[in-house]
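>>> Please find the sequence and the predicted model below.
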Amino acid sequence: MPDRTIAAISTGMTSSGIGIVRMSGEESFQIIDRIYKGKEKLAEAPSHTIHYGFIRDGEEVIDEVLVMLMRGPRSFTGEDTVEINCHGGTFVVNRLLETVIKHGAKPAEPGEFTKRAFLNGRMDLSQAEAVIDVINSRNEYALKSSVGQLKGSVKKKITDIRNKIIYHTAFIETALDDPEHISVDGYGATLKLTVDEISAVLKDLIDSADDGRIMKEGIQTVIVGKPNAGKSSLLNVLAGKERAIVTDIAGTTRDTLEESIQLQGLCLNIIDTAGIRDTEDIIEKIGVDKAKQYARDADLIIYVVDSSRELDEDDKKIMDLIYDKKSIILLNKSDLDIIVTKEILQNEIKKCCNSDGNSEITIPMIEISAKEEQGIKLLENTLKSMFLHGEIDLNDEIYITNIRQKTALQEAYNSLQKVNESITENMPEDFYSIDLMDAYESLGSITGEAIGEDLVNEIFSKFCMGK
């Protein structure tokens, strides 16, 4: 660990009720005593106490403050830590930080406080990554999942698995070193039971990453349809505000509009696109091309159909976009005379996208009226069932929300499959231990027990400055 004492602003850089400047390192108490004016000397004060006074730079009073003292190792970083609570104006907080640095502290690097907590053994790497996930949580599911990881849910699961792997690896290595006293005859069958058990757990964790990504990042959702089908009206209803211009003129939306909304605890990152149709208008054509590209990259396509107008060639082009994607079809304008029914639409999709006519194409279809706000609740419930595999139980389940962790889990799973292949092919036992150790190392990268300095620096560089 570096011996420098670091400091940073730990609250947002906006005017607010309070601001916090944090220091961590062995000189934290000496530095605060150089600038603090109060009834006592803080270097001699007990840990986990709060003190009222003033921060001064020489004879100049900077602000009236409350100073919190935490002696290591009983602090977030595991080091002596001082947090100065001042008034939340951007100028005064910056002025206070400048004073702290002037009297001996060094500016903290992004994520350096959490990095020190990791290096000092206060948390493992999965918990450190959960810190930034808590900060960036955008919905209830993401927050609860991140808090669970912060409390050590991933760490405990990975540690249990690694203990089982290292037990069998150690047994095999010992037996190979001392074959006269320890036999590995038939050990492959015993090992396979453990490998299959661990593989099942890893597979569940890997599969959870899809739900985890949805919880963390939201559902990348694209609204498509012909011009004047009601796409912008739908966006306005879901957003709860007049986000998009709505007129009776076809082709009003020529570019994309983006809005992030909450539905049933999930975050939808919605993109409203230009109506898809053949057009000679150059600007509108660019918008149509962008709509098609967004649809190809989306997690979800919401196809809005004007059920009061007959289907045409433009609808068939849209059907080509959605049939092999996760999609939902909304038959809009159900408050008007209905021309396009669910049955008609289902038959057209079969003709357009299912040439053999045998396999069933099942795309949820819901009748709505964006104008009258009818059918929206059913849409919300349908979206939740589409993207969450059953009811999420955040008390018991672990959801992987980190692509780095998912990759490490997949590598460990692949190594264990190689162990099973070696057992099936009656390979020598030392082949088992090689792949077992590869799995052990891959899992160790999740908790930080087997990870390089460069990757550690890369991970913490993504944190905000005061964390």
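Cool, got the structure.
>>> Which stretches in the stretch 301-450 of the chain count as helices?
Assigned helices in the stretch 301-450 of the chain, in chain order: 313-322, 342-353, 376-387, 403-424, 429-447 (criterion: DSSP state H, counting those that start in this stretch).
>>> Just say which of those is most tucked in.
Neighbour counts (mean count of other CB atoms under 10 Å) averaged over each of the helices of the stretch 301-450 of the chain peak at helix 429-447, with a mean of 21. C-betas here are computed from N, CA, C, even on glycine.
>>> Kindly export that one (C-alpha atoms) in CSV.
Backbone C-alpha positions of helix 429-447 (Å, rounded to 0.1, in the frame of the first residue of the first chain) are rendered in CSV as follows:
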residue,chain,number,x,y,z
GLU,A,429,-5.1,-38.2,-12.7
ASP,A,430,-2.7,-35.4,-13.2
PHE,A,431,-4.9,-34.2,-16.1
TYR,A,432,-7.7,-33.7,-13.5
SER,A,433,-5.6,-31.5,-11.3
ILE,A,434,-4.5,-29.2,-14.2
ASP,A,435,-8.0,-28.3,-15.2
LEU,A,436,-9.2,-28.2,-11.6
MET,A,437,-6.5,-25.6,-10.9
ASP,A,438,-7.6,-23.6,-14.0
ALA,A,439,-11.1,-23.5,-12.7
TYR,A,440,-9.8,-22.5,-9.2
GLU,A,441,-7.8,-19.6,-10.7
SER,A,442,-10.7,-18.4,-12.8
LEU,A,443,-13.0,-18.2,-9.8
GLY,A,444,-10.2,-16.5,-7.8
SER,A,445,-10.3,-13.7,-10.3
ILE,A,446,-13.9,-12.9,-9.2
THR,A,447,-12.9,-12.4,-5.6
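>>> right, and the helix or strand after it?
On the C-terminal side of helix 429-447, the nearest following helix or strand under DSSP states H and E is helix 453-460.
>>> quick revisit: who wins for proximity to residue 331 among the helices of the stretch 301-450 of the chain?
Ranking the helices of the stretch 301-450 of the chain by their distance to residue 331 (criterion: CB to CB) puts helix 342-353 first, at 6.9 Å.
>>> now the top helix by length along the chain, how far from the centre of its chain.
Ordering each helix of the chain by length in residues (DSSP state H) puts helix 187-217 first. Centroid separation between helix 187-217 and its chain, computed with CA atoms, centre = their mean, to the nearest Å, is 19 Å.
>>> If you average the pLDDT over that helix, what comes out?
Averaged over helix 187-217, pLDDT sits at 88.
>>> Stretch 298-314 now?
87.
>>> May I have that stretch exported as PDB, CA atoms only?
The C-alpha coordinates for stretch 298-314 follow below in PDB (Å, rounded to 0.1, in the frame of the first residue of the first chain):
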ATOM      1  CA  ALA A 298     -32.400  -4.200 -29.200                       C
ATOM      2  CA  ASP A 299     -33.200  -6.400 -26.300                       C
ATOM      3  CA  LEU A 300     -36.900  -5.900 -27.000                       C
ATOM      4  CA  ILE A 301     -38.900  -4.600 -30.000                       C
ATOM      5  CA  ILE A 302     -42.300  -3.100 -29.400                       C
ATOM      6  CA  TYR A 303     -44.200  -3.300 -32.700                       C
ATOM      7  CA  VAL A 304     -47.100  -0.800 -32.700                       C
ATOM      8  CA  VAL A 305     -49.800  -1.700 -35.200                       C
ATOM      9  CA  ASP A 306     -52.600   0.700 -36.100                       C
ATOM     10  CA  SER A 307     -55.500  -1.800 -35.800                       C
ATOM     11  CA  SER A 308     -57.900   0.700 -37.500                       C
ATOM     12  CA  ARG A 309     -55.900   0.400 -40.800                       C
ATOM     13  CA  GLU A 310     -55.300  -2.600 -43.000                       C
ATOM     14  CA  LEU A 311     -51.800  -4.200 -43.100                       C
ATOM     15  CA  ASP A 312     -49.600  -3.400 -46.100                       C
ATOM     16  CA  GLU A 313     -46.100  -4.000 -47.500                       C
ATOM     17  CA  ASP A 314     -44.600  -1.700 -44.800                       C
END
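>>> Could you pull out the buried residues of it?
Along stretch 298-314, the positions that meet the burial threshold by neighbour count (16 or more other CB atoms under 10 Å) are 298-308, 311, 314.
>>> can you tell me which residues contact the residue nearest to the spatial centre of the chain?
For the chain, residue 216 is the residue whose C-alpha lies nearest the centre (CA atoms, centre = their mean; 3.2 Å). Shown in contact with residue 216 (CB atoms under 8 Å, 6 or more residues apart in numbering): 133, 136, 137, 138, 142, 145, 146, 401.
>>> If you tally nearby residues, what's the number for the first one?
This means residue 133. Other residues within reach of residue 133 by the criterion other CB atoms under 10 Å amount to 20.
>>> And it, how far from residue 463?
11 Å (CB to CB, to the nearest Å).
>>> before we move on, what about the last one?
When CB to CB is applied, the distance between residue 401 and residue 463 equals 16 Å.
>>> same question, the second one
Spatial separation of residue 136 from residue 463 under the definition CB to CB is 10 Å.
>>> ok, those two, which is more surrounded?
More neighbours sit around residue 463 than around the other of residue 136 and residue 463, counting by other CB under 10 Å; the figures are 20 against 14.
>>> mind listing what the nearest residue to that one once chain neighbours are set aside touches?
Spatially, and ignoring its direct neighbours in sequence, residue 463 is nearest to residue 111 (2.7 Å; CB to CB, 6 or more residues apart in numbering). Each residue near residue 111 by CB under 8 Å, 6+ apart is listed here: 132, 459, 460, 461, 462, 463, 464, 467.
>>> one more time with 7 Å
460, 461, 462, 463, 467 (CB atoms under 7 Å, 6 or more residues apart in numbering).
>>> Count residues in the vicinity of the third one, would you?
Neighbour count for residue 462, taken as other CB under 10 Å: 11.
>>> Just say helix, strand or coil for it.
Look at residue 462: counting by DSSP: H, G, I helix; E, B strand; the rest coil, its state is coil.
>>> State the distance from it to residue 39.
Taking CB to CB as the measure, residue 462 falls 42 Å from residue 39.
>>> can you check the last one too?
When distance is defined by CB to CB, residue 467 is 31 Å away from residue 39.
>>> list the helices and strands the strand ranked longest in the chain packs on?
Using DSSP state E, we find that the single longest strand of the chain is strand 60-70. Taking 3 or more CB pairs under 7 Å, 6 or more residues apart in numbering; DSSP states H and E as the contact definition, the neighbouring helices and strands of strand 60-70 are strand 49-57, strand 81-88, helix 90-102.
>>> Most tightly packed of these?
Of these, the one with the most neighbours on average (mean count of other CB under 10 Å) is strand 81-88, at a mean of 22.
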